[in-house]
Every structure is written in C-alpha cells, then in structure tokens.
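Q: model the structure of this input:
(one chain, ligands or ions: 1)
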Amino acid sequence: MVTGHSRGLGEAIAAELLARGIAVLGLSRSGNPALAAQHPDLLREVSLDLGDAAALEVWLAGDELAHAFPECETVLLINNAGTLQPMGPLQRQAPDAVARAVVLNVATPLALSAAFVRATPHVIDRRILHISSGAGRNAYPGWAVYCASKAALDHHARSVAADAVPGVKISSLAPGVIATAMQAEIRASDLEDFPMRERFEAMHREGALLAPDAVATRVVTFLLSGSFGREPVADLRG
Ligand SMILES: NC(=O)c1ccc[n+]([C@@H]2O[C@H](COP(=O)([O-])OP(=O)(O)OC[C@H]3O[C@@H](n4cnc5c(N)ncnc54)[C@H](OP(=O)(O)O)[C@@H]3O)[C@@H](O)[C@H]2O)c1
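A: Have a look, this model is predicted:
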C-alpha cells in the first residue's frame, strides 16, 4: 500500500514494487494512468483526498482494506503522501492550511498504520515505512508545520517500535533531496516564506538532486531488507 503514488517519490516507489512483481494498492487524489496501463493486474488504485480526515474515515469504514491483502506473507504500508504547505512564518499560516497539512502529513499516516495492522492480524510480516525528511530532524525557517509534522512521524515510529506488536516493524526514513514537484515548489516559493530557498536553487543548478527512481530502489531495498525495523528512525543518506 503506497500513498501518493501518482507522482514523485511515491510513483517511483510504486513502479519499483510493481517491477519486482509486488502488488500495489495506490492511494492518491489523481491516480497514475501510466502505471495502471503497464500493470493492470498488479496495481489497484483508490482516489482519495488524504488531507480530508472525514473522507479517510469513510474509506476506512468500508471493507476495501480488509480485503486488500489476501494470502500475503508480507504486507507493506508506505506513508509517502505529504505537503510542504503552508510555508512561511506563523503570521502567514492560515488555520485551514495548517489543519489540512497536519491531517495529510500526520493524522493520515498514523490512522492508516493503525488500520493496516488491524486489517492484517493473519500476516506474520507487517512493515510500515513513514517517508520522513531531514526537516523532521533539523529546523528550517518557514517550514515550521512541515518540520513539526515530519518530527511527529519520527516519534510515532519510535513509540510504535516500543509497542513491539508481534510481526510489526516500522521505520521513519529521510530519503534525501529528490528531483520532484515538491522541489520545484520550493524553488518557486517566496523568499519571505522560505529564506533558505537559494540553497535548494543551488542544489538544483549543480545537479545535486537525487533521481526519484534511484531513491525508490534504495527505499524498497531498505524496506524489504532483513534488518528493516532495527532502527525506527533512519536516513537513506547514511
Ligand atoms: N522531494 C524531496 O526532496 C523530499 C525530501 C524529503 C522528504 N520528502 C517527502 O517525500 C514524500 C513525497 O514527496 P515528493 O517530493 O514526491 O512530493 P510530490 O512530488 O509533491 O508528490 C506528492 C504526492 O503526494 C500525493 N498527495 C498530496 N496531497 C495529497 C492529498 N491531499 N491526498 C492524497 N494524496 C496526496 C500526491 O498525489 P495527488 O496530488 O494525486 O493527490 C503525490 O502523489 C513527501 O512525504 C515528502 O515530504 C521529499
């Protein structure tokens, strides 16, 4: 199960799983027609606004998740969908944008993790991966909501690991700086909202952004490795 499989890192992770013959349930608002055409038997898509807590609740109350993992020995949840908005200092953050970001970046991954474990009592190997960020570990001006949301994912993973639910492994992973729409959004941001913009413009100019496909290969290898879950908070950059 991959959230945000329509583009960026989530699309690349879904493509990597599908290429390995692993069935994917993709959740996003817009879907991924290209991947669906390539893998009609392996990819199932749900169109859902994961920033809308009520819509998620309705979906979780249905039976799709309960039937999503028939006869699986290993099940994977990748909480990838996320947003940088609202960027800017406190006085420029609209309350509805803060609420949507906290739902999408925090409440949804936490609720999906719980629902995923409830839906898979018969599976002995259950793995949850939060896509976190260096921003969860270092403070950046203008990114207070984003930084706080990623730090929440890190601490959720630590706490879930401490629960030691049989068969459940979890890790919150910072993937590095990746050439996706989110990076374009950073470069297009207002300097007043994000004073560190130049650093990201320079990385782009210097070709330092990572390719989504290459990161996805490393993410999936990490997720499927025998040591997955040993560290509840990890960084792909080593
Ligand atoms: N890019 C980086 O440098 C970088 C660095 C560190 C961490 N990350 C993290 O990596 C993850 C993926 O980022 P990305 O760079 O691939 O971002 P992206 O290119 O902006 O893609 C975001 C994905 O999330 C989905 N999404 C956004 N809002 C949604 C909503 N309300 N409901 C359902 N799905 C939603 C989008 O699908 P729809 O629009 O179709 O809904 C899209 O598939 C994020 O958690 C991000 O924080 C990225």
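
Q: in the protein, which residue sits closest to the ligand?
A: residue 8 (2.2 Å; C-beta to the nearest ligand atom). Every C-beta, even on glycine, is put in place using the N, C-alpha and C of the backbone.

Q: my guess is that residue contacts residue 179. True?
A: No: between residue 8 and residue 179 there is no contact under C-beta atoms under 8 Å: 9.0 Å.

Q: overlap in contacts, the two.
A: With contacts defined as C-beta atoms under 8 Å, 6 or more residues apart in numbering, the residues shared by residue 8 and residue 179 are residue 212.

Q: in the lengthiest helix in the chain, what's buried?
A: In the chain, assigned by DSSP state H, the helix with the most residues is helix 144-163. Residues of helix 144-163 classed as buried: 144-154, 156-157, 160-161 (neighbour count, 16 or more other C-beta atoms under 10 Å).

Q: cool, and stretch 109-123?
A: So, applying 16+ other C-beta under 10 Å, buried residues of stretch 109-123: 109, 111-113, 115-117, 119-120, 123.

Q: save those residues as a markdown table, and put in distance to residue 168 and pLDDT too.
A: A markdown table is the format used below for these (distance: C-beta to C-beta, whole Å; pLDDT from 0 to 100):
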| residue | distance to residue 168 | pLDDT |
| --- | --- | --- |
| 109 | 15 | 98 |
| 111 | 15 | 98 |
| 112 | 13 | 98 |
| 113 | 9 | 98 |
| 115 | 13 | 98 |
| 116 | 9 | 98 |
| 117 | 6 | 97 |
| 119 | 12 | 96 |
| 120 | 9 | 96 |
| 123 | 10 | 96 |
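
Q: re earlier: now for the residue of the chain closest to the ligand, how many residues are close by?
A: 21 (other C-beta atoms under 10 Å).
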